[in-house]
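# Provided below for reference: sequence and predicted model.
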Amino acid sequence: MERYVIKGIPTAQGRPRFFRRGKFVGVYDPDKSAQGKNNTRAQLVNQAPVYYEEGPLALILYFLFPRPKSHYTKKGLRPNAPIFHCSRPDLDNLTKNFMDAATGILWKDDSLVSRKKTTKKYTSEEPGIEVRIYRICTEPLIIGPAPLQGQSDPPD
């Protein structure tokens, strides 16, 4: 298992922007998305990551957001303060931005990721992204006796 931490407020992948020059139509990332990707790339490179050329890989992402002031009282954190971040940005767009930024640094292509678990949470500490990458074992793991002929393995 490899573990990486990206500091800073997580950035979502924005909608692509289009421009026209004569008959040519081009597409580019919005500035905020591009800056978020560049920040993620720079921090990943500084952590000397393991590069995966083949999969399958499992990815766990924790997007950690700063708590708003309304979550606190004079005595500290409110007892009913939420744990999970349930507002914008969208979890899918956060994941897309990270996976695009990590391509070429953590893996050859983000299609190598076969299993993914993502979570958006509030933190009282430093915001950022916590990343864990596992290589999925492709050999069959046999625990106990093999199933009898005609029986199948239980579903995941």
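Alright, I've got the coordinates.
# Now Val45: closest residue in space, sequence neighbours ignored.
Of all residues not flanking Val45 in the chain, Ile105 sits nearest, at 6.2 Å (CB to CB, 6 or more residues apart in numbering). Placement of C-beta: from N, CA and C, glycine included.
# you'd agree that neighbour is in a strand?
No: assessed by DSSP: H, G, I helix; E, B strand; the rest coil, Ile105 does not belong to a strand; its assignment is coil.
# and it, what is it in contact with?
By CB atoms under 8 Å, 6 or more residues apart in numbering, the contact set of Ile105 is Arg41, Leu44, Val45, Pro49, Tyr51.
# where do the helices sit along this protein?
31-46, 91-102 (DSSP state H).
# Now do the contacts for Asn38.
Under the criterion of CB under 8 Å, 6+ apart, the neighbours of Asn38 are Ala101.
# Please report how far it lies from Pro82.
For Asn38, the distance to Pro82 under the criterion CB to CB, to the nearest Å works out to 31 Å.
# again, but for Ile129
Counting by CB to CB, the separation of Ile129 from Pro82 is 19 Å.
# Who has more neighbours out of those two?
Ile129 (26 against 12; other CB atoms under 10 Å).
# For Leu64, give me its contacts.
Residues counted as contacts of Leu64 (CB under 8 Å, 6+ apart) are Pro10, Lys121, Tyr122, Thr123, Glu125, Glu126, Pro127, Gly128, Ile129, Glu130.
# how far away is Ile60 from Ile105?
Ile60 is 17 Å from Ile105, where distance means CB to CB.
# Now the terminal residues of stretch 86-93, how far apart.
End-to-end span of stretch 86-93 (CA to CA, to the nearest Å): 14 Å.
# Can you give the distance of that stretch from its chain's centre?
12 Å (CA atoms, centre = their mean, to the nearest Å).
# same thing with stretch 76-84?
The answer for stretch 76-84 is 24 Å, by CA atoms, centre = their mean.
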